[in-house]
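Colleague: Based on what follows, work out the 3D shape:
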Amino acid sequence: YNIESGELNGGESEVWTFTNTSTLELSDTLTLKNIFGYRKLDTWDAVDYDGTILPILAATNSARAKTYSNETQLQGTAFDDRLNFIFGVYWFDQRGIEGTGTPFMDVRNQSPGTIAFGGTARLQFVRIKNQAFSGFGQIGYKLTDKLTVNAGLRYTSDRRTSDSSVGFVSRTVFNNFHPT
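Modeller: Purely as a prediction, here's the structure:
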């Protein structure tokens, strides 16, 4: 089948990811570990929802975001490996923008006996910012070879913000106005 379309159809995404885990043995019983991550996203897609050659209903979306994260841990054991522990901090930062355009065709009655075909496009842009910070710790003590008591604590602070703007653009593409 050959399907006609009045709008662009398709999409493309590009994602870059980088991660690194580094470990440093400070002693026989103490280890410093760092886990870093970076991700970049660029994407767009376009869909002709009505499936006709007329520009009646379609949508175009695009997004761009960058994300960073880092976790640092101090791990260790003591008292002949009866005590084990981990302490750490975590940080996360994500920022991005998304845009959506949705044009659609409508029929407008301007005056008696006159019909105009036009279109309206709804445009929306959203900016996001997500941040998190946490500190954590856990201690385990081996009471016997088969019984270990663990205690842990974690503090997390999240902050998420977004702002959005919406606009409409309208135009007339055909008018059969006939003066009498």
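Colleague: Quick check: bridge partners of the spatially most central residue of the chain?
Modeller: Centroid-nearest residue in the chain, with CA atoms, centre = their mean: residue 65, separated by 6.5 Å. Here residue 65 sits in beta bridges with residue 41, residue 96, as judged by DSSP bridges.
Colleague: Pretty sure it sits against residue 41.
Modeller: Yes - Residue 65 lies in contact with residue 41 (CB atoms under 8 Å); the separation is 4.7 Å. Backbone N, C-alpha and C define where each C-beta goes, glycine included.
Colleague: what residues do those two have in common as contacts?
Modeller: residue 96 (CB atoms under 8 Å, 6 or more residues apart in numbering).
Colleague: Can you show me the strands along this structure?
Modeller: 10-25, 30-48, 58-78, 83-111, 114-142, 148-175 (DSSP state E).
Colleague: Mind putting the ones you listed into CSV with mean pLDDT?
Modeller: Below are those laid out as CSV (pLDDT from 0 to 100):
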stretch, mean pLDDT
strand 10-25, 94
strand 30-48, 93
strand 58-78, 93
strand 83-111, 82
strand 114-142, 83
strand 148-175, 83
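Colleague: And residue 36, how far from residue 20?
Modeller: 5 Å (CB to CB, to the nearest Å).
Colleague: do the same with residue 13
Modeller: Taking CB to CB, one finds residue 13 at 23 Å from residue 20.
Colleague: and if you look at residue 81?
Modeller: From residue 81 to residue 20 the distance is 29 Å (CB to CB).
Colleague: got a list of what residue 39 touches?
Modeller: So, once contact is read as CB under 8 Å, 6+ apart, residue 39 ends up touching 15, 16, 17, 18, 65, 66, 67.
Colleague: hmm, try it at 6 Å
Modeller: When contacts are counted by CB atoms under 6 Å, 6 or more residues apart in numbering, residue 39 touches 17, 67.
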